[in-house]
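Undergrad: sequence unknown, structure follows:
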């Protein structure tokens, strides 16, 4: 482990290779597509349920639409700045920074997936509570159904996002890691992609 950290620290002082830059460009494109899909879902839900909330008599459907609007107001609020952040994200990262960013991204989506299970569980709990709480039967059922819908979508979304990023990492980042070898002098590191070295920088002791 110490040798790996030493190598990553050593590499972090060097300029970014083109393959590494292309990797980060692809990662940013993935992020933008994911955020756009979340924003599309949120906006569609907001508009449809906004109309439903305004036109549906007070009952189970009324509360279902109400929760959808409130829930997706938050999603839209997250999607808009998230998209612009992904657009402005730098691709000039060192290998160490790229690996760190990749792990952070995967960790976030895994944590979100766990939270999504909690949302679904909350929906089930509200539906179960509605069976005995006749005063708030419609409200609990409507909110519960909304949480089940939104939680299920987010679970699929976050799990898919994790798998896509993880697959991209295994396919491309691992290949970059495997291309690192000692320079010809034995005093540095270089990128080697089967042709002439893309990156070769040595240092004197």
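TA: That came through, no problem. This structure is a prediction, so every number in the text was calculated from the model and none was measured. Residues are numbered from 1 along each chain as shown.
Undergrad: just for this protein, where's the confidence low?
TA: The model of the chain has pLDDT under 70 over residues 1-16, 175-205.
Undergrad: Now with 80, please.
TA: Applying pLDDT under 80 to the chain flags residues 1-19, 172-205.
Undergrad: for it, what's the longest helix?
TA: Assignment by DSSP state H gives helix 18-55 as the longest helix of the chain.
Undergrad: Whichever helix or strand comes after that one versus helix 18-55: what angle between them?
TA: Of the helices and strands lying after helix 18-55 in sequence (DSSP states H and E), the nearest is helix 60-88. Note on geometry: by axes from the mean of the first three to the mean of the last three C-alpha atoms, to 10 degrees, helix 60-88 and helix 18-55 are set 160 degrees apart in direction.
Undergrad: Next, the spatially closest residue to residue 62 that is not a sequence neighbour: phi, psi?
TA: Leaving aside its sequence neighbours, residue 62 sits nearest to residue 56 (C-beta to C-beta, 6 or more residues apart in numbering; 4.7 Å). Every C-beta, even on glycine, is put in place using the N, C-alpha and C of the backbone. With angles defined as degrees, to the nearest 10, residue 56 sits at phi -90, psi 130.
Undergrad: Residue 56 and residue 72: what is the separation?
TA: The spacing between residue 56 and residue 72, counted by C-beta to C-beta, to the nearest Å, is 17 Å.
Undergrad: between these two, who's got more neighbours?
TA: Using other C-beta atoms under 10 Å, the more surrounded residue of residue 56 and residue 72 is residue 72, with 25 against 17.
Undergrad: show me the contacts for the more buried one.
TA: 41, 42, 43, 45, 46, 49, 150 (C-beta atoms under 8 Å, 6 or more residues apart in numbering).
Undergrad: can you tell me which of those residues lies nearest to residue 63?
TA: residue 49 (10.7 Å; C-beta to C-beta).
Undergrad: neighbours around residue 95, how many?
TA: Neighbour number of residue 95 under other C-beta under 10 Å is 23.
Undergrad: ah, wrong one, I meant residue 103
TA: Using other C-beta under 10 Å, residue 103 has 11 other residues around it.
Undergrad: how close does it get to residue 110?
TA: Counting by C-beta to C-beta, the gap from residue 103 to residue 110 is 10 Å.
Undergrad: repeat for residue 167
TA: 14 Å.
Undergrad: If you count surrounding residues, which of those two has more?
TA: Comparing residue 167 with residue 110 by other C-beta under 10 Å, the one with more neighbours is residue 110, at 14 against 11.
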